[in-house]
Structure formats: C-alpha cells, structure tokens
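Asks: Kindly return the folded structure for what I paste below:
(chains A, B, C, D, E and F)
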Number of protein chains: 4
Amino acid sequence: MARISKNPEVRKAEIMDASLELFANKGFEDTAVSDIVKKIGVAQGTFYYYFKTKEEIMIALIDRFMVEHEEYIKTIDEDLHMSPAEKVNAILFVKPFHQKVSDFLHHENNAWIHQKFLVKKINEMTPYLSRILAEGTKEGYFKVEHAQETAEFLLTAVNFMLDPGIFELKDSKLEEKKNVVKNIVNNLVIKD
Amino acid sequence: MARISKNPEVRKAEIMDASLELFANKGFEDTAVSDIVKKIGVAQGTFYYYFKTKEEIMIALIDRFMVEHEEYIKTIDEDLHMSPAEKVNAILFVKPFHQKVSDFLHHENNAWIHQKFLVKKINEMTPYLSRILAEGTKEGYFKVEHAQETAEFLLTAVNFMLDPGIFELKDSKLEEKKNVVKNIVNNLVIKD
Amino acid sequence: MARISKNPEVRKAEIMDASLELFANKGFEDTAVSDIVKKIGVAQGTFYYYFKTKEEIMIALIDRFMVEHEEYIKTIDEDLHMSPAEKVNAILFVKPFHQKVSDFLHHENNAWIHQKFLVKKINEMTPYLSRILAEGTKEGYFKVEHAQETAEFLLTAVNFMLDPGIFELKDSKLEEKKNVVKNIVNNLVIKD
Amino acid sequence: MARISKNPEVRKAEIMDASLELFANKGFEDTAVSDIVKKIGVAQGTFYYYFKTKEEIMIALIDRFMVEHEEYIKTIDEDLHMSPAEKVNAILFVKPFHQKVSDFLHHENNAWIHQKFLVKKINEMTPYLSRILAEGTKEGYFKVEHAQETAEFLLTAVNFMLDPGIFELKDSKLEEKKNVVKNIVNNLVIKD
DNA sequence: GATGAATGAGGCTTCATTCAT
DNA sequence: GATGAATGAAGCCTCATTCAT
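Replies: Model prediction:
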C-alpha cells in the first residue's frame, strides 16, 4: 500500500478521531484496533507507533475532553457579566461537548469510563463552584453553610441524575426533570 | 470423576456463591467460567446446565441483592416506631449488605454493573421515600414541594456521593462527609 | 467441523507426535501452534486444552526423551553379560533414539534446547558411569583416579564432540572420529 | 532532532557497543533494533545504514571477539618463555575476555550463538594445540598419539565442561573442577 | 549520512459455549 | 443431572525492515 507520511500531530489526531467515533458506536471493548486502522487506511503497526496500548488511546481521549472541559469552566468562572447565581447554574448544567464524546461516554460498554470521567469532572469543578458559593454567601447572595460539601453534593446529584445514559431519560423527560432540579437547587442555595 | 448429584437448588446456590466470591476478587470479566467450576469441583457443562450464559448468573446475583434490599426498605417503611425524619435518614443512609456483595460491586472491573445496580436501587427506593416526604409534608413535618423529584435527587446524590468505590473515600473521611450531607438534607427537607 | 472426542492420553500423544515432527522440520520457533493443530485436524483451542503454552509441549517432549533415555541406560547398567569396558563404551557412545527426536534437537533453531538436553543427559549418566569406573578400578579393570570427574569429562567431550549437529560432521567423518576417540578413552581408562 | 554526523567507524563501533550491552542484558532475540538506537539516540534508519540486518550485527560482534581471541592464542603460541606443557594449559584454560562479551554469550537466549562461538573457537584453537602436542611428543615431552584428535577432544571437553553458563557452576565449584580436569589432562598428555 | 514515520505479517492465547456420552 | 473434551472466533501486540525526505 502506498506509504503516506504525515505530520505526527496530524496523524495522531486522525487516529484519535477515528477511535472516538468507533468507541461511540460500538463501545471501547468491542472496537478492535484493526477497526480503527482500517477506518483511516493505515497499517496496524502505525497505531502502535503512536499509542503503546489500546487503553492508552482511551486515556488520551479522556484527557482531551478534560482539557476542553476545564477551559470551559474557567471561561464561566472569569465571566464578568454573569451573576453568581447564573454562574452556579452554568456550572451545574453544563452542556455536553460534541455529540461524539457524549455518545462515547454513554455507550453501555463504556460505563466504567463514563463513571471515572464523571468523578474526574466533579472533582475538577468542585473548587470553582465551592468558591463561587462561599464568596456569594459572604456577599449575601447565597445562604450556603458548607460550601465545599454543598458544591460536591450538588455536582454529584446533578451530574449523575441528569445524565441521560445513567438514568436512560428521553430528551423531553430530561428537560422537565432539569427544571424541577433547578428549583431544588435554588431552594438550597439562593437566599430569598 | 465421581458424579455427585445434588438438589438443584443447592447446586445452583453453590454456583452463585462461588461466582460472587470470584467476581468480588477478580471482577466479572476477569473471572472465567472455568474458574467458577474449578472452585466447586464440577464440570464445565454443569455450569451451563444451570445458567444459559455467563451473564445470566450475574443477573441472578443482582436480583438476589435486590430482593434482600427491597425487603429491608419495606421493613423501614412499615416500622411503626420511627418518625418520618428517621425513616428518611434510614432510607438515605442504608448500610451495605454483606461484604462480598460490596466487594463485588466495587471491584474496578464491575463498574458498569455497579452503576446499573445503583440506578435500580434508586429507582426502587424512590417511591417509598417520595411517599414518606409527601405525607410528611402534608402532616407538617417537612417542607418538600416536589416530593418525587426531591426523593430522586437526594437518593442520587447520597448514593453516588457516599459510595466508597466511586469517590474512593477512606472510612474516616466518609463518616465526616456523611455528617455534612445529613445537614444538607435536613436543611432541604425538615421544617424548622 | 465434526467433533471427535478421544481418550485424553491418545489425544495428547497425538499432539506431541505432530509437534515433534514439525519441530524437527522447521524448528521450535518457526512452528506455529496453528501448524500443529492443522496437521491433526483439531481446533486451536484443543491444543491449549492439553498444554498451557507452546513452551510446555516442548518440555513435555524433552521429558519423554529423558525417560526413554534413562531406561536405556539402566538396561546397560544392569546387563549381566557385559564387561565393565563394554559398559563404558555403551554408555559413552549411545546411539540416538528415533530419527525425529534427533532431527528435532539438531535443528539449528533448537540449539538452546539441544544444549539443555545434552547437559541433562550428561548429568543423568554421570552417576552410572562414575560408579562403573570406580568399581572397575577397584576390581583392577581400570586405572581411574577421580571417577566422578573423569566420567563427567568423558561424557562432556564425547557428547558434544560427536554430536553431528554441533560440529557438523558427515557420517563418514563421524565414524572415523569415533574410533579415534575410543582409542583416547581406552588409554585414559583401561589398564594395560 | 539535530542531525549529528560522525565518523562512520566511530558510529559503527558505537552501535556495536550498545548492541553488545543490550544483548548481554536481554539476549539477542529480546533486544529490538529500536532498543539499540534509543540507547544511543539515533534514528532507526541509521542502524540499517550500517548493518543490513539485525543478524549482521551479531556476526560482526562475534567476529570482533574471534579476532581478539586469535591474537591472544598467537601470543601464547609464539611465546619463547613458555614450556610446551605450559602452553597446553594456557590454551586449554584461556580466561574469558571482557565481562560484557561473557554475559552476552551466557545469556540464556543466546545459547545458539554461544554454541556456534565455542565451536568456532575450538576449531580455531585446534591446529595450534595440535601442533604443540605433536611437536612436544616428537621432542619427548608428551605421549600423544593422535595429536589432532586429542587436541579437539581436550578442547571440546574443557570448553564445554568448564563453561559456567552451560553447566551452571558457581565460581567455587568451577575452580575445584578445573583442578581435577588439569590432572586428567596431564595424565593424558604428559609423559611421566 | 541521517531521519523517523510507516509497514504488515504473523503469533500466541483466552474463553464462552456446545455436544456426545 | 453431570461430564469434560472439543470448538473456533477474535484480538492485541511486536518488530525487523523500508522508504521518502
């Protein structure tokens, strides 16, 4: 087969993208390395030139998500035009990224990855939310006592509960549920 | 080898017990059917005489847990000596069953089973908690508006958050966290 | 494919025989497990039902040779009609077993197996030869001082030297060499 | 990466040295070409610029040993201050070269190389020893009849027998064995 | 002289499941 | 009810070697 050399960064991204799509369709375990390379027309060895094991690419994928995610959270955190309450809502109800990533994580066979991912995400968001709650309380916007724990509590509940994969919700039901949850959160957090 | 016939129920339980122990030690995927039968000194075919597939035994195991669990919840629900608030606490902070079951569910490789299990558990407990909250509110003990959603919210947060496997907590830390969570719950639920 | 069950002993021997032949032709490393099973028309899994790894079958093969070999040595040792000198010669110049085994060991790629095998063989024969030399000396047939070491010395020299694989000798040359060596041995051992 | 040109001889030696060390540690087969180039910080292609195949470098290594070895034997042979008997001993009990070379040859996975090497060595030393024995006999120092065969016989026995890798001897045991062997050799060779 | 991305054949092994006895 | 020999698909990974730059 014709040998086409590419810039390593490009090739690596190409492999990651193909993997992501396949993992989203068939799940991690059910995707063979041979599927991945076939999809982009390179030799099997090429995959292993870039990733030592099949597991490694999954970690790389997750890391890429996390970076994007953290950047987004920072944007919110530093946004000068949002009120504390808006920030709280924005952080709790972040929209998922690309569809592919979402599919990947929600594939039944990727549950363990999904779970680890949620935990990572929650752990990462906790300090931001915690600080917003604490400062907001100091400034009289909120009525939160244990900011750290409350942040974790809310993030855990919301993230697991509103995850369409975990509780297998349809979009309509999900939106409904979201609203009710927003109410609960407000009660718990906002000063009246 | 000598052919030892046993009462089918006994044999079945024997296989399930062996499986549970192995799943707890090595995880579901990493336990081979051959491991199971070797453990109890029975032929490979015998396993398939009692269970159509390997997956089936896992489902049987989960079902067995669920039954035990539901019985326990009912006990609480019908307990005449507990106040509504006590019932809420009892339901939210159920202690885990046997160690083996707990190990099984918390084994890294069993994450997806664990997750499904938690969801099932939450779904099962929701109506009980929901009713308790609704009735308690009617009777002036609580201040809960959306009983159904609040129940689900609390159960989700508490179960995922306090799960020692998911967030990898040490026992000491866990106890601490539990107390703070109790506070939050009280604030959200109890009328002052 | 039709499923033919056989007595385990038979099947195992069948696999070993096929392996031996292939190892002799292509060497151990260059023989794939798939070659072996193809040769006898069973599934790949069948091989692994009898041998945990590819290496294991080689060990089994060697063991089988060793058993045959030791039996032969014992026969000589206990032979009442042979003189000590005859026994010495018989032990030093044992004829190789079956051609297959010989080919197996002499295949270029099996050198390390061959070497280990020779060492095992020498170690095994040493006590027999040593005793024959010692007793023969006591009875005045031989003139050997350090029976143990001499035995080892002779066995090492003869086995490596007359090995057609190691020194790559043609049959004619080998026979010639053998005779000269016999002379040397006699000088070293026999009393005049 | 910066492209560093070096004198070809230097580069080649560098590659050989790195290979030798790796072969000594992990054996020939278990050392990948990629390991070698990584060790000296050079591209994979560079290796193939200097050596056509991986096997070729091993041959180059062996040749280098052999040259060193032959030079040493010549030194002994032409030494005017040594008696014939001393020369015989010196040739039979040559000390090994550098530790690395010794490790390389004794690595379990290099058995076949080792064996070929010993044979080469023996074949190379035979004419020297043979001549020394023949001349010594003519001059009345020795009592050797078949000089050529005796030389080969002794070299074979001694080299294989005293090889610490083949018979897996500890240093203490080895020294002991060596002395007994010297006795045997003297008996066989020296006139009394 | 040197680079390093790309190749691709091929091997060992695992294991859930079946089926003839 | 029970046995256990047999199946066979499928997958991950290694690595010597090549070649376009």
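Asks: Just to check, residue A:144 is in contact with residue A:189?
Replies: Yes. Under the criterion of Cβ atoms under 8 Å, residue A:144 makes contact with residue A:189 at 5.9 Å. Yep, even glycine has a C-beta here, placed from its N, CA and C like the rest.
Asks: tell me which residues in the helix or strand encompassing residue A:136 are buried?
Replies: For residue A:136, the host element (DSSP states H and E) is helix A:111-138. Neighbour-count burial for helix A:111-138, counted by 16 or more other Cβ atoms under 10 Å in any protein chain shown, picks out A:111-115, A:117-119, A:121-122, A:125-126, A:128-130, A:132-134, A:136-137.
Asks: So which residues of chain A form helices?
Replies: All helices of chain A, identified by DSSP state H, fall at A:8-26, A:33-40, A:44-50, A:54-78, A:84-92, A:99-106, A:111-138, A:147-161, A:171-189.
Asks: Point out where chain A drops to low pLDDT.
Replies: The model of chain A has pLDDT under 70 over residues A:1, A:97.
Asks: Flag every residue of it that's near DNA strand F.
Replies: A:3, A:5, A:30-34, A:44-45, A:48-49, A:52-55 (Cβ under 7 Å from any atom of the strand).
Asks: make it 6 Å
Replies: A:3, A:32-34, A:44-45, A:48, A:53-54 (Cβ under 6 Å from any atom of the strand).
Asks: which of those lies closest to residue B:84?
Replies: Nearest to residue B:84, judged by Cβ to Cβ, of the residues of chain A next to DNA strand F is residue A:54 at 52.0 Å.
Asks: Could you find the closest non-adjacent residue to that closest one?
Replies: residue A:33 (5.6 Å; Cβ to Cβ, 6 or more residues apart in numbering or on different chains).
Asks: In this structure that neighbour contacts residue A:44, no?
Replies: Yes. Applying Cβ under 8 Å as the test, residue A:33 and residue A:44 come out as touching, 6.4 Å apart.
Asks: Show the contacting residues for residue A:85.
Replies: Each residue near residue A:85 by Cβ atoms under 8 Å, 6 or more residues apart in numbering or on different chains is listed here: A:136, A:141, A:189-190.
Asks: burial of residue A:152, as a residue count?
Replies: Close neighbours of residue A:152, defined as other Cβ atoms under 10 Å in any protein chain shown, add up to 24.
Asks: now it: how far from DNA strand F?
Replies: Residue A:152 sits 35 Å away from DNA strand F, taking Cβ to the nearest atom of the strand, to the nearest Å as the criterion.
Asks: Quick check, that residue in contact with residue B:160.
Replies: No. Using Cβ under 8 Å, residue A:152 is not in contact with residue B:160; the gap is 10.5 Å.
Asks: picking that back up, show me which of the contacts of residue A:85 is closest to DNA strand E.
Replies: residue A:189 (47.6 Å; Cβ to the nearest atom of the strand).
Asks: count of neighbours near the residue nearest to residue A:44 when sequence neighbours are not counted?
Replies: Excluding the flanking residues, the one nearest residue A:44 by Cβ to Cβ, 6+ apart is residue A:37, at 5.2 Å. Residues contacting residue A:37 under the criterion other Cβ under 10 Å number 19.
Asks: With residue A:13 instead?
Replies: Neighbours of residue A:13 under the rule other Cβ under 10 Å: 14.
Asks: quick one: contacts for residue A:84?
Replies: Contacts of residue A:84 (Cβ under 8 Å, 6+ apart): A:132, A:135-136, A:139, A:141-142.
Asks: try 6 Å
Replies: Residue A:84 makes contact with A:132, A:136, A:141, according to Cβ atoms under 6 Å, 6 or more residues apart in numbering or on different chains.
Asks: Mind putting those into JSON lines with distance to DNA strand E?
Replies: Putting those into JSON lines (distance: Cβ to the nearest atom of the strand, whole Å) gives the following:
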{"residue": "A:132", "distance to DNA strand E": "44"}
{"residue": "A:136", "distance to DNA strand E": "50"}
{"residue": "A:141", "distance to DNA strand E": "53"}
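Asks: circling back to that earlier point, tell me if I'm right that the residue nearest to residue A:44 and residue A:49 touch.
Replies: No. Under the criterion of Cβ atoms under 6 Å, residue A:37 is not in contact with residue A:49, lying 10.8 Å apart.
Asks: picking that back up, which of the residues of chain A next to DNA strand F count as buried?
Replies: The neighbour-count criterion (16+ other Cβ under 10 Å) marks residue A:54 among those as buried.
Asks: can I get the residues of chain A next to DNA strand F in JSON lines with distance to residue C:75?
Replies: Formatted as JSON lines, the residues of chain A next to DNA strand F follow (distance: Cβ to Cβ, whole Å):
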{"residue": "A:3", "distance to residue C:75": "64"}
{"residue": "A:32", "distance to residue C:75": "57"}
{"residue": "A:33", "distance to residue C:75": "57"}
{"residue": "A:34", "distance to residue C:75": "56"}
{"residue": "A:44", "distance to residue C:75": "55"}
{"residue": "A:45", "distance to residue C:75": "55"}
{"residue": "A:48", "distance to residue C:75": "55"}
{"residue": "A:53", "distance to residue C:75": "55"}
{"residue": "A:54", "distance to residue C:75": "57"}
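Asks: one step back: quick check on the contacts of residue A:85: which are buried?
Replies: A:136, A:141, A:189.
Asks: With adjacent residues omitted, what lies nearest to the second one?
Replies: Nearest residue to residue A:141, sequence neighbours excluded (Cβ to Cβ, 6+ apart): residue A:84, at 4.9 Å.
Asks: For residue A:137, see how far away that neighbour is.
Replies: 9 Å (Cβ to Cβ, to the nearest Å).
Asks: How about residue A:129?
Replies: Separation of residue A:129 from residue A:137 (Cβ to Cβ): 12 Å.
Asks: and the residue of chain A nearest DNA strand E?
Replies: residue A:45 (1.6 Å).
Asks: coming back round to it: among the helices of chain A, show me which one is buried the most.
Replies: helix A:147-161 (a mean of 23; mean count of other Cβ atoms under 10 Å in any protein chain shown).
Asks: tell me which parts of chain A are close to DNA strand E?
Replies: By the rule Cβ under 6 Å from any atom of the strand, the part of chain A lying against DNA strand E is A:1, A:3, A:5-6, A:8, A:11, A:42-46, A:49.
Asks: May I ask which two of those residues are separated the most?
Replies: Using Cβ to Cβ, these span at most 19.3 Å, a distance reached by A:1 and A:8.
Asks: surely residue A:103 meets residue A:26?
Replies: No. In this structure, residue A:103 is not within contact of residue A:26 by Cβ under 6 Å, at 10.6 Å.
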